[in-house]
Every structure is written in structure tokens, then in C-alpha cells.
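> I would like to see how this sequence folds:
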Amino acid sequence: MTLYKLMILYMLSRVNFPLNNNQISEFMLSNNYTDYFTLQEVLNDLTESNFIAADVYRNTTQYHLTEEGTDTIAFFNTRISNAIKDDIEQYLTDNKYELKNEVGTIADFYRSTNQDYIVHCQVKEGDSTLIELSLSVPLEEQANAMCSKWKDASQEIYDFIMHKLM
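Below you'll find the model as predicted:
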């Protein structure tokens, strides 16, 4: 379990953006490092121990290192074999654009005090927000549809707004 925790901390230390549960799972499971249930237990332990922080957007949980996690991996990274580090580096290199794009485009909604639904959409690059929209819609189905379409439509919407404002 300790090795799995260190591997996740190492993965998160090697990127400047969060990784979601699916992305971490894809690496760990496709390389047969552990099974799904053990991985979820490890992620929960790391979160409860405040080595990583979890942000939830709709059905996706994104993880990033805390200060404690950063200090821990800096101190214990030598306990991860070079072969495992190479596997992690290769995965991150091969998938960096997809990984970054997937966690940088966020959409979620919540019910407001006037019973409408507020759809909150963002495109982030690292710690910078490129675009952020909050829209009010009357129906939950509309809010759900907008969130579902945001990832595919965000670039076109961003381009349209920039063109109109410039």
C-alpha cells in the first residue's frame, strides 16, 4: 500500500495540473500494479491523510498534491524503483495533452436559491482560468445537457467570445 501511495504522489508531482480518478486508475490498472478496490482505498487514505486534495465536479474527482504530499514525495521518492518511475514518466509523456485537456475543461451545476439551476463552466490551464461562464437555466435537464456539451463546445465558444470582444 505504501508503494501505491508513493506512486500516486509521484504521478501528481510530475504534472502541473490535477489528475482525475480515471486517469490514475488507467495507469495503475493497465500496468497491473494493483486492483481497482485497492487503488480507491489508497486514494481515500491519501485524501484523509491530507497528502492529496480531491475536488469533485459532477461525476469526476480530480486530485492534486497538498504541501504535505509534496514534502512527502520529495523525501521518499527514492523508495520508488527507476522502472516504475520510467513507466509513470512514459504514461505522462504519451498522454500529457489528453490528460491536461480532460481535467482543464470543467462543467458543473447546482440549484440556486430561486430554484433555477446555475451551470458553471470553465476552461483552465494550470492555475489560470482562460474562460469561466455561469448561466442560469430553469430545468435540470437543460443544465445537464449544457454540462455534457461543454467539453466539445468550449473551444468554439471561447473563439466566438474572443472574436466578438476584440
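> From the contact counts, what lies against the lowest-mean-pLDDT helix or strand in the chain?
Ranked by mean pLDDT, DSSP states H and E, the weakest helix or strand in the chain is helix 82-104, scoring a mean of 84. When contacts are defined as 3 or more C-beta pairs under 8 Å, 6 or more residues apart in numbering; DSSP states H and E, helix 82-104 sits against helix 2-13, strand 19-20, helix 21-30, strand 117-125. No exception for glycine: its C-beta is placed from N, CA and C like everyone else's.
> swap the cut-off to 6 Å and go again
Applying 3 or more C-beta pairs under 6 Å, 6 or more residues apart in numbering; DSSP states H and E, one finds that helix 82-104 contacts no other helix or strand.
> What is the distance between that helix and the centre of its chain?
Helix 82-104 sits 13 Å away from the centroid of its parent chain (C-alpha atoms, centre = their mean, to the nearest Å).
> Hey, what's the angle from that helix to strand 117-125? Just curious.
130 degrees (axes from the mean of the first three to the mean of the last three C-alpha atoms, to 10 degrees).
> Helix 82-104 versus helix 21-30: what angle between them?
Going by the same axes, to 10 degrees, helix 82-104 makes 150 degrees with helix 21-30.
> Quick check: what element follows helix 82-104 along the chain?
Tracing the chain past helix 82-104, the next element assigned as helix or strand by DSSP states H and E is strand 105-111.
> List the pairing partners of that next one within its sheet, with orientation.
Here strand 105-111 has these sheet partners by DSSP bridges: strand 117-125 (antiparallel).
> Name the residues of the partner strand that come out as buried.
Across strand 117-125, burial judged by 16 or more other C-beta atoms under 10 Å covers Tyr117, Ile118, Val119, His120, Cys121, Gln122, Val123, Lys124.
> Grab the nearest non-local neighbour of the second one.
Excluding the flanking residues, the one nearest Ile118 by C-beta to C-beta, 6 or more residues apart in numbering is Ser112, at 5.0 Å.
> ok, so what distance separates that neighbour from Ala143?
Using C-beta to C-beta, to the nearest Å, Ser112 is found at 11 Å from Ala143.
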